[in-house]
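A.B. asks: predicted model, plus sequence, below.
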Amino acid sequence: MSNKAPALSRLQKEFKEFTNKPLEWATMKVVDDNLHHWRVTIEGPEKTPYESGFFTIDLEMPAEYPFKPPKVKFITKVYHPNILKKDGSICAEVLGSTWSPQIKLHEVLLILRSMLAEPNVDSPLEEEIAEQFQNNRDTYNKTAKYWTKKYAKKEK
């Protein structure tokens, strides 16, 4: 039995749960029939600069999942202190040091959506954006809204 079997079993179960009880603000599909690779789209949280945006995220689950967290990368460009502009990777603290095997992928999506709503400026990947968030919220909000309108369009 390969060491991928426990991860695969868990991923099949989570995929089925997600299919049977989808989140209102998220869609998910498996990439190339590989349960270890999901493409997710989440709607930006209401009353934030990301509202009405649709953000595509790549989730790659390692063979050691759920004992190791998924690799998460925003495909959609996002103006945010905890998301790297150049490649969409997120702050490791979000899913790194606090990771637990009890966390399921739908909870990962909740964490990501909360991160959009409430940036962690104490651990930014983009220092300038974090500084702007703290010291010039109007400019931050305008820029984030502009990026959301420009890049986070609903896929047809």
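C.D. replies: Nice, I can see it. Quantities reported herein were computed from a predicted structural model and do not represent experimental measurements.
A.B. asks: and for the helix-or-strand element of the chain with minimal mean pLDDT, what's in contact with it?
C.D. replies: Least confident helix or strand, the chain: helix 92-95 with a mean of 73, by mean pLDDT, DSSP states H and E. Outside helix 92-95, the residues that touch it by CB atoms under 8 Å, 6 or more residues apart in numbering are P69, P70, V72, N82, V108, I111, L112, M115, N120, S123. All C-beta atoms are positioned from the backbone trio N, CA, C, and that covers glycine.
A.B. asks: which of those fall within strands?
C.D. replies: Under the assignment DSSP state E, these contribute V72 to strands.
A.B. asks: now a ChimeraX select for only the buried ones of the contacts of helix 92-95.
C.D. replies: A single ChimeraX command selects the buried members of these (16 or more other CB atoms under 10 Å):
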select :69,70,72,82,108,112,115
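A.B. asks: hmm, back to that, just the CA coordinates of the least confident helix or strand of the chain, formatted as PDB?
C.D. replies: The C-alpha coordinates for helix 92-95 follow below in PDB (Å, rounded to 0.1, in the frame of the first residue of the first chain):
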ATOM      1  CA  ALA A  92       3.200  30.700   5.700                       C
ATOM      2  CA  GLU A  93       1.700  31.400   9.100                       C
ATOM      3  CA  VAL A  94      -1.800  31.100   7.600                       C
ATOM      4  CA  LEU A  95      -1.500  27.400   7.000                       C
END
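A.B. asks: great, nothing more from me.
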